[in-house]
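[1] here is the input, now give the coordinates:
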Amino acid sequence: MPIIVQKYGGSSVADAEKIKNVALRIAEAHGQGNQVVAVVSAMGDTTDTLIELASEVSERPDPREMDVLLSTGELMSCTLVAMAVRSLGLDAISLSGAQAGIRTDSRHGKARIAAVDTARISSELSAGRVVIVAGFQGITEDMNVTTLGRGASDLSAVAIAAALRADRCEVYTDVEGIYTADPRHVPQARKLDEVGYEEMLEMASLGAKMQPRSIELAMEYDVPILVASSFVDAPGTLIHQGADMQQTVGEIRNRARAVTTDRNVAKITVTGIVDRPGISASLLEPLADADISVDIIVQTATAGSDTDLAFTVSRDDLPRALDIVRAVAVELGGGEVISADHLAKVSVVGTAMQNAPGYASRMFRVLANENINIDMISTSEIRITCVIDEDRLADAARALHTAFELDEPE
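    Now for the predicted structure:
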């Protein structure tokens, strides 16, 4: 029998009625002759509620205990989904990430999957059961519960699909697929029928509806992913190898494919550092050791022998990053450490834009015409990113979406 791995996000299992709807979808897939593994997120805003509760009892909750706490959200939803599936007459079983064989390293809060032992899942499928797995979590060699990072139920589903060599992985959420922009910012955004892995990875890392590491894993093991709505029957978007990511506008191939936005941006600037070899490494290596990712980096020479270094991190990591950078800056004899958390990223994504003149200049001109100041710029072969003021993010997205001819035809 074919194996299908489905993933249901928090909005899809937010209450009892929605859980029953998910159970019906699972039963339908099973009734079509498939073996079904369903990976579920925590209900609605459960994770946020647990984080707030932890902050009320501790200023700095222990990372290990935090992972144990947050893992309970997915455990609750997966057991409820299993109950709902059983009420439809199917045999179903719920499994925690540990029971499902998801082994991770020991980085609490951002653990990486080391291996997936599919023995338990395969055994349950062979017995004719539907398997419901708690996403977002795993277990270390020392039997400590870990979580994989926000939005990582996508990663759990893709990892299980790859390990089982499933026929397909289906991700169900509150939107009908992957769009050319966030419809909340750009009402004219169009749903894409298909997206290639590389372009989706750029879009995911810049705030689109998929967890970036899940796309990396899908690309490595060639796992096609269908992203669709759990509330309406619509075709969705297929993420797979070899998708044609360019569209034709008149007689010209338009390399721009999407406009993405990301509000989870903070900037740290260290001023007045003596410009000598190894300065950047001295500042950034401690951040890497603390598992803090640095994105855009700009180094600017000032008068004399000094330099300023600015870089972005996620807002979630800003407090820890500041503690580390301030300590290192003192050792280096640097000047002031300045932070800003009112920023956002807007990006134009498209295959081989770097090889086609005019895309960057058009983006900068559009933002200038909207009187939107650019704080930082970063580029790759398939995307151009500008850091701007968060308050102007929606304006920038709409203007760029129109300028690059991505709007839905009226």
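[2] I figured A38 hits S12, correct?
    No - applying C-beta atoms under 8 Å, one finds A38 not in contact with S12, separated by 10.4 Å. The C-beta positions use only the backbone N, C-alpha and C, and glycine is treated the same way.
[3] which of these two has more residues huddled nearby?
    Counted by other C-beta atoms under 10 Å, A38 and S12 do not tie: A38 has more neighbours, with 30 against 25.
[4] residues touching that one, list them.
    Going by C-beta atoms under 8 Å, 6 or more residues apart in numbering, A38 touches 5-8, 22, 26, 81, 130-133.
[5] in PyMOL, how would I select the buried members of those residues?
    A single PyMOL command selects the buried members of the contacts of A38 (16 or more other C-beta atoms under 10 Å):
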select buried, resi 5+6+7+8+22+26+81+130+131+132+133
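[6] which one of the contacts of A38 is nearest V346?
    Closest approach between the contacts of A38 and V346, by C-beta to C-beta: K7, at 27.8 Å.
[7] next one: phi and psi at Y172?
    phi -110, psi 130 (degrees, to the nearest 10).
[8] residues contacting it?
    Applying C-beta under 8 Å, 6+ apart, we find Y172 in contact with 6-9, 12, 22, 25, 228-230.
[9] how about the residues you listed in a markdown table, adding secondary structure, pLDDT and distance to V116?
    Converted to a markdown table, the contacts of Y172 look like this (DSSP: H, G, I helix; E, B strand; the rest coil; pLDDT from 0 to 100; distance: C-beta to C-beta, whole Å):
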| residue | secondary structure | pLDDT | distance to V116 |
| --- | --- | --- | --- |
| Q6 | strand | 97 | 17 |
| K7 | strand | 96 | 15 |
| Y8 | strand | 96 | 19 |
| G9 | coil | 92 | 21 |
| S12 | helix | 93 | 23 |
| V22 | helix | 96 | 23 |
| R25 | helix | 95 | 24 |
| A228 | strand | 92 | 24 |
| S229 | strand | 90 | 27 |
| S230 | coil | 88 | 24 |
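[10] closest to F311 among those?
    Distance ranking of the contacts of Y172 against F311, using C-beta to C-beta, places G9 first at 31.1 Å.
[11] so what's the residue count around that closest one?
    G9: 23 surrounding residues under other C-beta under 10 Å.
[12] distance to V186 added to the contacts of A38, as CSV?
    Below are those laid out as CSV (distance: C-beta to C-beta, whole Å):
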residue, distance to V186
V5, 31
Q6, 29
K7, 26
Y8, 26
V22, 29
I26, 33
V81, 33
V130, 38
V131, 38
I132, 35
V133, 34
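[13] other residues contacting stretch 51-67?
    Here stretch 51-67 makes contact (C-beta under 8 Å, 6+ apart) with 69-70, 108-109, 111, 137, 144-147.
[14] for the residues you listed, work out which two are farthest apart.
    By the measure C-beta to C-beta, L69 and A111 form the most distant pair in the contacts of stretch 51-67, at 14.8 Å.
[15] which of the two has more neighbours?
    Using other C-beta under 10 Å, the more surrounded residue of L69 and A111 is A111, with 27 against 18.
[16] give the rounded mean pLDDT of the one helix or strand T385 maps to.
    Counting by DSSP states H and E, the element that carries T385 is strand 383-389. For strand 383-389, mean pLDDT rounds to 94.
[17] that strand pairs with which strands?
    Paired neighbours of strand 383-389 in the sheet (DSSP bridges): strand 337-349 (antiparallel), strand 376-380 (antiparallel).
[18] out of those, flag the one nearest L75.
    Across the strands paired with strand 383-389, closest to L75 is strand 337-349 (C-beta to C-beta), at 32.7 Å.
[19] so A266 versus D91, what's the distance?
    Separation of A266 from D91 (C-beta to C-beta, to the nearest Å): 48 Å.
[20] just V145 next, same as before
    27 Å.
[21] which parts of this protein are helices?
    In the chain, the segments counted as helices under DSSP state H are 16-31, 46-57, 63-86, 119-126, 153-164, 197-205, 212-221, 279-289, 318-332, 359-369, 393-403.
[22] mind checking pLDDT for the nearest residue to M219 once chain neighbours are set aside?
    Leaving out its chain neighbours, the residue that sits closest to M219 by C-beta to C-beta, 6 or more residues apart in numbering is Y197, at 3.8 Å. What the model reports as pLDDT for Y197 is 88.
[23] please renumber so the chain begins at 429
    Done: numbering now begins at 429, and the last item shifts to Y625.
[24] near Y625, how many other residues are there?
    By other C-beta under 10 Å, 20 other residues sit near Y625.
[25] do I have it right that it meets P652?
    No - counting by C-beta under 8 Å, Y625 does not reach P652; the two are 9.5 Å apart.
[26] can you list residues touching both of the two?
    Common neighbours of Y625 and P652, counting by C-beta under 8 Å, 6+ apart, are 646, 667-669.
[27] can you say which of these are buried?
    The neighbour-count criterion (16+ other C-beta under 10 Å) marks 646, 667-668 among the shared contacts of Y625 and P652 as buried.
[28] rebuild those residues as CSV, extending it with pLDDT and distance to H613.
    Output for the buried ones among the shared contacts of Y625 and P652, formatted as CSV (pLDDT from 0 to 100; distance: C-beta to C-beta, whole Å):
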residue, pLDDT, distance to H613
A646, 92, 26
I667, 92, 22
H668, 89, 27
